[in-house]
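Student: here is the input, now give the coordinates:
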Amino acid sequence: MEILAVIPARGSSKGLERKNLAPLGGRPLLAYTADCVLGAVHPLRAVLSTEDDEIASLGRRLGLEVPFRRPVELAGDESTSLEVLQHTLAALHADEGYAPDWVLLLQPTSPLRTAAHLDAALDLLFSGGFDSLISLTPMRQNPAWAYRVTDGLAEPIERERPDRRQGLPGYYYPNGAIYATSPELLASDRILGDRCAAFVMEPRESVDVDDAWDMAVAEAGLIHAKRAPRW
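Tutor: Numbers count the residues shown, from 1 in each chain. Model prediction:
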């Protein structure tokens, strides 16, 4: 079974300049995703998609494949993950005739995701009946207790809701750490299918780095996990 792990890392970013190269625990942010994919038990082909020479060079030093440069028009703020995955598949097929069975999207902005998470997610995906997978984390603030503000008035969104937290329904949101899909879904302009597996991760494992505040939280998470290796 061929599993392709695509790691998208463009050079520019809004919230934190040169985010994918930014230091975290003494290493570039990208290094943690390289550790994750290269440390997995499941055999994976790890391809870095970037338009940036410095990121490409770092990726190779970290052990990632960089078989092409992403077109600049797919490295802007409006570019989508779907477009990046579709371009990666098309480029690999055109150059090598390569066609994987499964495609993973592993964003460098999830530095607390580990190889163990990735292997567990793949075990779940392959357990039967799923056509895709998304990693989720429980919402810390339950939306059943949310309010809207209308003309200065606080109005509860849910009119009937439990008074105790234990009675609330569970809600989850994507943490951005792991997506799994197939070439067939991508060909239909979708990443997630109708039988999408839910891989749940703890909130402390689910930092999604967008700005300096997120980097500080991730740094604290690394210290807590005691897994910041030397560069």
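Student: quick check: the gap between Ala225 and Glu202.
Tutor: 11 Å (CB to CB, to the nearest Å). C-beta: built from backbone N, CA, C; applies to glycine.
Student: next, count neighbours for the residue nearest to Ile191 when sequence neighbours are not counted.
Tutor: With sequence-adjacent residues excluded and distances taken as CB to CB, 6 or more residues apart in numbering, Ile191 is closest to Thr181, at 4.9 Å. Counted with other CB atoms under 10 Å, residues neighbouring Thr181 total 25.
Student: ok, Thr181 touching Leu192?
Tutor: Yes: using CB atoms under 8 Å, Thr181 is in contact with Leu192, at 6.8 Å.
Student: what touches both of the two?
Tutor: Common neighbours of Thr181 and Leu192 (criterion: CB atoms under 8 Å, 6 or more residues apart in numbering): Ser132.
Student: which strand runs longest in the chain?
Tutor: Using DSSP state E, we find that the single longest strand of the chain is strand 172-181.
Student: what's the spacing between the very next helix or strand once past that strand and its chain's center?
Tutor: Following strand 172-181 in sequence order, the next helix or strand is helix 183-187 (DSSP states H and E). Its chain's average C-alpha position is 18 Å from that of helix 183-187, according to CA atoms, centre = their mean, to the nearest Å.
Student: the spatially most central residue of the chain: what's it in contact with?
Tutor: The centre of the chain sits closest to Ala177, judged by CA atoms, centre = their mean, with a distance of 3.1 Å. For Ala177, the contact set (CB under 8 Å, 6+ apart) comprises Leu106, Gln107, Ser110, Arg113, His117, Ser135, Met201, Glu205, Ser206, Asp208.
Student: now rank the residues you listed by neighbours and give me the top one.
Tutor: Arg113 (28 neighbours).
Student: what angle do the top helix by length along the chain and strand 172-181 make?
Tutor: The longest helix of the chain (DSSP state H) is helix 81-96. Calculated by axes from the mean of the first three to the mean of the last three CA atoms, to 10 degrees, helix 81-96 forms an angle of 10 degrees with strand 172-181.
Student: report the buried residues of helix 81-96.
Tutor: Across helix 81-96, burial judged by 16 or more other CB atoms under 10 Å covers Glu83, Val84, Leu85, Gln86, His87, Thr88, Leu89, Ala91, Leu92.
Student: chain center to it, what's the gap?
Tutor: On CA atoms, centre = their mean, the centre of helix 81-96 falls 18 Å from the chain's centre.
Student: contact partners of it?
Tutor: Taking CB under 8 Å, 6+ apart as the rule, helix 81-96 contacts 4, 6, 8, 47, 49, 67-68, 70-71, 74, 98-100, 103, 105, 179, 181, 183, 186, 189-191.
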